[in-house]
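Q: fold the following and give me the result.
(chains A, B, C and D)
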2 protein chains.
Amino acid sequence: MPHDRPLTTAEPDAPAESAASDTGADAAAGVPSAGPADPPRRSAATRAAILAAARDRFAADGYERATIRAIAREAGIDPSMVMRYYGNKAGLFAAASEIEVHAPDLSHVPREEAGARLVRHFLERWEGDEVLTGMLRVGATNEAGAERMRGVFAEQIRPVLTAVCPVPEEAPKRAALIASQILGMALCRYVLHLAPAVALSNEEVIAWLAPTIQRYLTAEQP
Amino acid sequence: MPHDRPLTTAEPDAPAESAASDTGADAAAGVPSAGPADPPRRSAATRAAILAAARDRFAADGYERATIRAIAREAGIDPSMVMRYYGNKAGLFAAASEIEVHAPDLSHVPREEAGARLVRHFLERWEGDEVLTGMLRVGATNEAGAERMRGVFAEQIRPVLTAVCPVPEEAPKRAALIASQILGMALCRYVLHLAPAVALSNEEVIAWLAPTIQRYLTAEQP
DNA sequence: ACTGTAGGCCAACGCCTGTTGACATGCCAA
DNA sequence: TTGGCATGTCAACAGGCGTTGGCCTACAGT
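A: As a prediction, the model looks like this:
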């Protein structure tokens, strides 16, 4: 049963070079010139096109239904190019699923406004970037997607809350509670399309959820 | 692109009979003898085995990765039997994904205990039946799965809350809020396996979530 | 005892998938 | 000018998928 290891091998050999030649692999990661004197690779545009198409297809179709052929077609290149630049499908996903949540700095926000601030930020974030919805989709079915979401939680959400948490040891627990409410609302609105959840206005969502988040963040443990 | 209509055709021709002979199709739905004088079909055991295996595979692997061949293997029969009894993969999924949430009757529960009661019920429900986790998984990626979850919400969750809602018109909105928190926690604990969410004891979850649910249920609109 | 039919298996179909290797092209340095 | 190498295309591979139709077996009604 080869599908028992969906793509847990993504990290080890993700940016695999088929030939030992690809020195400019980081160009696609957002750092155009990090090496000592690397020539601006002509393939940068293609890499970016592949990555954009991959994000699009993964977000819309999930991991399994998003095919390399469809991604290549959308990027306007041959499927074999995807393999050359990203090794295999798992490697492509690993590269395409790097997401930035831009959690707001709460240390200069009045304590009692933190909840509303958080909810509003994530609401806007979610509606402005369908990749987040896609990650939720993939994270539910695919182990690598789930791992990516755990990473985002640990590296981007938890630290922000730890900074404002009176008792830092409680931060992970409180962060998980907050994540559960925010992800749950995103799931109902943007993935499941639950009618009453979709019908809520953004301001309604904020008004209802902010006190919840506020309590998870600052109330003493029950 | 044939995968643009994943299985929205599930409902129309789900229990398709290949030959016009299968009069006992409802036997698998839990009603062993509903017809006037139907002979107890010998195939009932096979149908049940297929259904059990299908629930298992769909829940563990999601819709796309759960293959008919694997389901048949687990049920100990030939893949073609699945087609005979359930028409196609979409029909099998439609039959296998009928879930009963058994939402508790809240009309005889003290108003202020309703939140805790709900959280406890769903927590136990979720831990006792991995099919619920599977539905969450499938609902995130697959349109038919999402439709099924919307159905469960509309037919099993909303009515229970409408019965105890002071202003019945607000019931859908409040039900959606409650669903967002409960599904969100289930997502973090049982699907994403977010470490701090998994680490929470059931009593902790209840203590934290009950006031939230209670407020969504009974507080006046903000 | 005979026969119709439901239950079940087997082998194959056409299609799509991820992945690979051979081959063309064009840029850049020597 | 000539070589090497990055870029890219094409065609094919092996395998898995959902699905189909034919064939065998055994039970039930007459």
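
Q: quick one: secondary structure of the nearest residue to A:Thr46 once chain neighbours are set aside?
A: Nearest non-adjacent residue to A:Thr46, counting by CB to CB, 6 or more residues apart in numbering or on different chains: A:Ile77, 6.0 Å away. Every residue, glycine included, has its C-beta placed from N, CA and C. Using DSSP: H, G, I helix; E, B strand; the rest coil, the structure places A:Ile77 in coil.

Q: hmm, A:Leu51 and A:Ile77 touching each other?
A: No. Assessed by CB atoms under 8 Å, A:Ile77 is found out of contact with A:Leu51, at 11.9 Å.

Q: quick one: buried residues of the longest helix along chain A?
A: Secondary structure of chain A per DSSP state H: the longest helix is helix A:44-65. Going by neighbour count (16 or more other CB atoms under 10 Å in any protein chain shown), the buried part of helix A:44-65 is A:46-47, A:49-51, A:53-59, A:61-65.

Q: over to stretch A:66-79?
A: A:66, A:68, A:70-72, A:75, A:77.

Q: now swap in stretch A:91-101 and tell me
A: A:91-97, A:99, A:101.

Q: could you check it against DNA strand C for contacts?
A: No. Stretch A:91-101 lies apart from DNA strand C when judged by CB under 7 Å from any atom of the strand; the minimum separation is 7.6 Å.

Q: quick one: terminal-to-terminal distance for that stretch?
A: 21 Å (CA to CA, to the nearest Å).

Q: what does stretch A:134-150 give?
A: Start-to-end, stretch A:134-150 (CA to CA) is 15 Å.

Q: now do it, average pLDDT.
A: Regarding stretch A:134-150, the rounded mean pLDDT is 96.

Q: so who does the closest residue to A:Gln156 other than its chain neighbours touch?
A: Of all residues not flanking A:Gln156 in the chain, A:Val101 sits nearest, at 4.7 Å (CB to CB, 6+ apart). The contact partners of A:Val101, taken as CB atoms under 8 Å, 6 or more residues apart in numbering or on different chains, are A:122, A:125, A:132, A:152, A:156-157.

Q: I figured A:Ala72 hits A:Ile50, correct?
A: Yes. Applying CB under 8 Å, one finds A:Ala72 in contact with A:Ile50, separated by 7.4 Å.

Q: shared neighbours, those two?
A: In contact with both A:Ala72 and A:Ile50: A:81-82, using CB under 8 Å, 6+ apart.

Q: what does chain A have sitting close to DNA strand C?
A: A:39, A:42, A:66-70, A:79-80, A:83, A:88-90.

Q: how about 10 Å then?
A: A:7, A:9, A:16, A:18, A:39-42, A:57, A:61, A:63-73, A:78-84, A:86-93 (CB under 10 Å from any atom of the strand).

Q: domain ranges for chain A?
A: A:2-96, A:111-218 (automatic domain parsing).

Q: where among those is average confidence lowest?
A: Among the domains of chain A, domain A:2-96 has the lowest mean pLDDT, at a mean of 71.

Q: burial measure for A:Glu127, as a count.
A: 14 (other CB atoms under 10 Å in any protein chain shown).

Q: list the buried residues in the stretch of helix or strand it belongs to.
A: Element membership for A:Glu127 (DSSP states H and E) is helix A:114-128. Buried residues in helix A:114-128, counted by 16+ other CB under 10 Å: A:114-123, A:125-126.

Q: list the helices and strands that helix packs on?
A: When contacts are defined as 3 or more CB pairs under 8 Å, 6 or more residues apart in numbering or on different chains; DSSP states H and E, helix A:114-128 packs onto helix A:130-141, helix A:171-186, helix A:202-218.

Q: list the buried residues in stretch A:169-179.
A: Under 16+ other CB under 10 Å, the buried positions of stretch A:169-179 are A:170-179.

Q: one more: stretch A:150-166?
A: Result for stretch A:150-166 [16+ other CB under 10 Å]: buried residues A:150, A:152-153, A:157-158, A:160-161, A:164-165.

Q: ok, stretch A:191-211 next?
A: A:191-192, A:194, A:196-197, A:200, A:205-206, A:208-211.

Q: distance between the ends of it?
A: First-to-last distance for stretch A:191-211 - CA to CA - comes to 24 Å.

Q: what's the answer for stretch A:189-200, then?
A: Stretch A:189-200 end-to-end distance (CA to CA) = 9 Å.

Q: over to stretch A:179-197?
A: 17 Å.

Q: picking that back up, possible to save the domains of chain A as TSV with distance to B:Tyr216?
A: Below are the domains of chain A laid out as TSV (distance: least, CB to CB, whole Å):
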stretch	distance to B:Tyr216
domain A:2-96	29
domain A:111-218	7
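
Q: quick one: residues contacting A:Ile53.
A: Just to correct that, residue A:53 is Ala rather than Ile. Neighbours of A:Ala53 in contact, by CB under 8 Å, 6+ apart: A:71-72, A:74-75.

Q: go with 10 Å
A: A:66, A:70-77, A:82, A:92, A:96 (CB atoms under 10 Å, 6 or more residues apart in numbering or on different chains).

Q: between the residues you listed, which is nearest B:His108?
A: B:His108 lies nearest to A:Ala66 out of these, by CB to CB, at 49.1 Å.

Q: relative to B:Lys89, how far out is the residue lying closest to that closest one once chain neighbours are set aside?
A: Of all residues not flanking A:Ala66 in the chain, A:Arg57 sits nearest, at 3.9 Å (CB to CB, 6+ apart). As judged by CB to CB, to the nearest Å, A:Arg57 and B:Lys89 stand 22 Å apart.

Q: can you check A:Arg125 too?
A: A:Arg125 is 36 Å from B:Lys89, by CB to CB.

Q: and A:Ala210, by the same measure?
A: Taken as CB to CB, the span from A:Ala210 to B:Lys89 is 43 Å.

Q: touching, A:Glu170 and A:Val164? I think so.
A: No. A:Glu170 is beyond contact range of A:Val164, at 11.5 Å (criterion: CB atoms under 10 Å).

Q: how about A:Ala114, nearest residue that isn't a chain neighbour?
A: A:Leu106 (5.0 Å).

Q: so the one you found is in contact with A:Gln214, correct?
A: No. Contact between A:Leu106 and A:Gln214 fails when scored by CB under 10 Å: they sit 11.3 Å apart.
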